[in-house]
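**Student:** Return a 3D structure for these sequence lines:
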Amino acid sequence: LGYDPWLHTAEQAEALRQACERAGAHLVACAANPLDAVWRDRPPPPRRPVVPHPLVFAGRASTEKRLALSDTLRAERLDGAVLTDPASIAWLLNVRGDDVAYVPLPLSFAIVHADGAVDWFLDPAKAGPALFDHLGEGAAVCEPGRFLERVGLLKGRVRVDKATAPMAVVQALRDGGAVVDLGVDPCAAAKACKNPVELA
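**Tutor:** As a prediction, the model looks like this:
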């Protein structure tokens, strides 16, 4: 039985594997989703611009958030984290987008390193000069097509959110020799604690 590792978390893939075993079947990750091959009128990915979320609304600068996240990673003895939740990435980088109706988030992935540096995998066509100025030092916009390749180069203990990270990310980390730490998105708790500006 084939499955798309981009559409299932590690927990979901394990549940599928166990169900297959009970039925006498074998679970295999597909290199490509066969439905995509026959989706002739698939719309192109959204390419609307990503914009800075001003400090007057965010309350904390992205650089400050990244340094705090770095402290969290080091305290948990993690060498990095792979962020797959667009809400966490938008919060961490103080950005907003218009990729999904009624949700002001840009679709993207990010790798956060223990020193607070962030590799943000975003279509460059969605990033204008104002966005690059806003990000400042320590945050690099990277080609989305190289995301999985870069994930596979990570070493040490790397956190992925067990509830949201696709199995493709977990497998790329394991194939590259990293130790996968299946836990909670490291931005989740900090994002939930609203600062005075956000509360206002």
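**Student:** Can you tell me the centre-most residue of the chain?
**Tutor:** Per CA atoms, centre = their mean, the C-alpha nearest to the average position across the chain is that of residue 84, at 2.2 Å.
**Student:** For that residue, list the residues it contacts.
**Tutor:** When contacts are counted by CB atoms under 8 Å, 6 or more residues apart in numbering, residue 84 touches 109, 160, 161, 164, 165, 166, 169. C-beta here means a position set from N, CA and C on the backbone, and glycine is covered the same way.
**Student:** can you check residue 141 too?
**Tutor:** By CB under 8 Å, 6+ apart, the contact set of residue 141 is 120, 122, 124, 127, 131, 132, 135.
**Student:** Please give the element, helix or strand, for it.
**Tutor:** Element membership for residue 141 (DSSP states H and E) is strand 139-142.
**Student:** Which SSE is immediately downstream of that strand?
**Tutor:** helix 147-151.
**Student:** average pLDDT for the strand holding residue 141?
**Tutor:** Taken as a whole, strand 139-142 has a mean pLDDT of 94.
**Student:** And stretch 114-122, by the same measure?
**Tutor:** The pLDDT scores in stretch 114-122 average 96.
**Student:** Kindly report the same for stretch 92-106.
**Tutor:** 94.
**Student:** go on, stretch 23-32?
**Tutor:** Mean predicted confidence for stretch 23-32 is 94.
**Student:** Same check on stretch 181-188?
**Tutor:** Mean predicted lDDT for stretch 181-188 stands at 95.
**Student:** just stretch 57-68 next, same as before
**Tutor:** pLDDT averaged over stretch 57-68 gives 95.
**Student:** What lies in contact with it?
**Tutor:** By CB under 8 Å, 6+ apart, the residues outside stretch 57-68 that reach it are 55, 91-94, 112, 116-118, 134-139, 190, 195-198.
**Student:** I'd assumed residue 88 was in contact with residue 106.
**Tutor:** No: using CB atoms under 8 Å, residue 106 makes no contact with residue 88, being 11.9 Å away.
**Student:** Make sure residue 115 is actually in contact with residue 73.
**Tutor:** No: when contacts are counted by CB under 8 Å, residue 115 is not listed as touching residue 73 (9.0 Å).
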